[in-house]
Structure formats: C-alpha cells, structure tokens
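**Student:** Show me the folded form of this:
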Amino acid sequence: MADSSDTAQVRAVLDQFATALHNKDAAAVVALYADDAVDYDLAPPLRIDTRQVRDPAYIQEWFDTWASPIDSRPHDVTVRVGGDIAYAFGLRHMTGTKTDGTEVDLWFRCTACLMRKAGAWKIVHMHNSVPFAMDGSDRALLDLKP
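**Tutor:** Numbering: from 1, shown residues only. Sure, this is the predicted structure:
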C-alpha cells in the first residue's frame, strides 16, 4: 500500500510541473523529467523522444508561442503509488493567450507516470490527449468541458 507521503510527493512534483509551465521555465520543466522520459502530447509528433523532452530549447519553442503565463490546473486527479512507480490521471484545464492573440481555454486528459530514482520522484512519461469525433470527420473535440 502506498505511503501517504509518497502520494503527497507525487502531487508536489505535478504541482511543480504546473508552476514551471505557468512561469514558462523550460529548465524547471526539464528538471522534473527522468533521463529516459518520453511524452505523448497534444501537438505532433506522435512520440516526443527523450532527447526532445530533456531539451530546454525544445520546450522553450512552445513557451515562446504564449504571450501570457500558461495556466494549467488539475481537475479530479487520482494518484496511485506502488513501490517506486506512480501514476496520476485526471483532467487539466489550460488557459492563456497565444502570441497571435488567440485565447486558449482547453480541457484535456492527462496521465503522468513517475518513478522514484535515487530517492526523488521523476516524470518518466506524460500523455495528454483530447477526444475526437468518431462521425467520420476525425475532428478534435476541443470544446468539451467536464
């Protein structure tokens, strides 16, 4: 059974991740990832390999498309811990303003997988997604709200 302090530590890492996004601090984001992390994110490509996930310049490119801080708040997050492995899943609500003036107000699904390495929880995998219309249009459903 998971120690409640483990769950709190995992939640703290996820809070640090949200703060780093808000502040557009690429170095802080990278510091939360394990050396072998891989992401599946909302934007292409299908798989963001370790080299990109661990590269602050790669993350900074995305941050540079935002005029405002990036607000990414968790909603109904569940954390499960077993030994040195943990995962968290729930919804996230991301808001902010892009450099072209577009106002972002997006709900999406998020799963984070973490591993305790050398006594510290690190993100080994992050998976973000939105549903798509299965009516033949293949349109991403970006207007869904809980």
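
**Student:** only C-alpha atoms for contact and neighbour calcs from this point on.
**Tutor:** OK.

**Student:** buried residues in stretch 59-70?
**Tutor:** Of the residues in stretch 59-70, 59, 63, 66, 68-70 count as buried by neighbour count, 16 or more other CA atoms under 10 Å.

**Student:** Centre of the chain to the helix or strand containing residue 36, how far?
**Tutor:** For residue 36, the host element (DSSP states H and E) is strand 33-40. Strand 33-40 sits 11 Å away from the centroid of its parent chain (CA atoms, centre = their mean, to the nearest Å).

**Student:** Summarise which helices and strands it is packed against.
**Tutor:** Here strand 33-40 touches helix 50-53, strand 120-129, going by 3 or more CA pairs under 8 Å, 6 or more residues apart in numbering; DSSP states H and E.

**Student:** For the ones you listed, give me TSV that also has mean neighbour count, mean pLDDT and distance to residue 13.
**Tutor:** Converted to TSV, the helices and strands packed on strand 33-40 look like this (neighbours: other CA atoms under 10 Å; pLDDT from 0 to 100; distance: least, CA to CA, whole Å):
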stretch	mean neighbour count	mean pLDDT	distance to residue 13
helix 50-53	17	94	16
strand 120-129	20	98	7
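
**Student:** ok so residue 62 is a helix residue?
**Tutor:** Yes. Under DSSP: H, G, I helix; E, B strand; the rest coil, residue 62 sits within a helix.

**Student:** pLDDT score assigned to it?
**Tutor:** We have a pLDDT of 96 for residue 62.

**Student:** what's the closest of the helices and strands packed on strand 33-40 to residue 80?
**Tutor:** Evaluated over the helices and strands packed on strand 33-40, closeness to residue 80 peaks at strand 120-129, with 13.1 Å, by CA to CA.

**Student:** Alpha carbons of the closest one, in PDB - could you do that?
**Tutor:** Output of strand 120-129 as PDB, limited to C-alpha atoms (Å, rounded to 0.1, in the frame of the first residue of the first chain):
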ATOM      1  CA  ALA A 120      13.300  11.500  -5.900                       C
ATOM      2  CA  TRP A 121      10.100  11.200  -7.900                       C
ATOM      3  CA  LYS A 122      10.800  11.900 -11.600                       C
ATOM      4  CA  ILE A 123       8.300  12.000 -14.600                       C
ATOM      5  CA  VAL A 124       9.100   9.100 -16.900                       C
ATOM      6  CA  HIS A 125       6.000   9.600 -19.200                       C
ATOM      7  CA  MET A 126       3.400  12.200 -19.800                       C
ATOM      8  CA  HIS A 127       0.400  11.600 -22.000                       C
ATOM      9  CA  ASN A 128      -2.100  14.300 -22.900                       C
ATOM     10  CA  SER A 129      -5.000  13.900 -25.300                       C
END
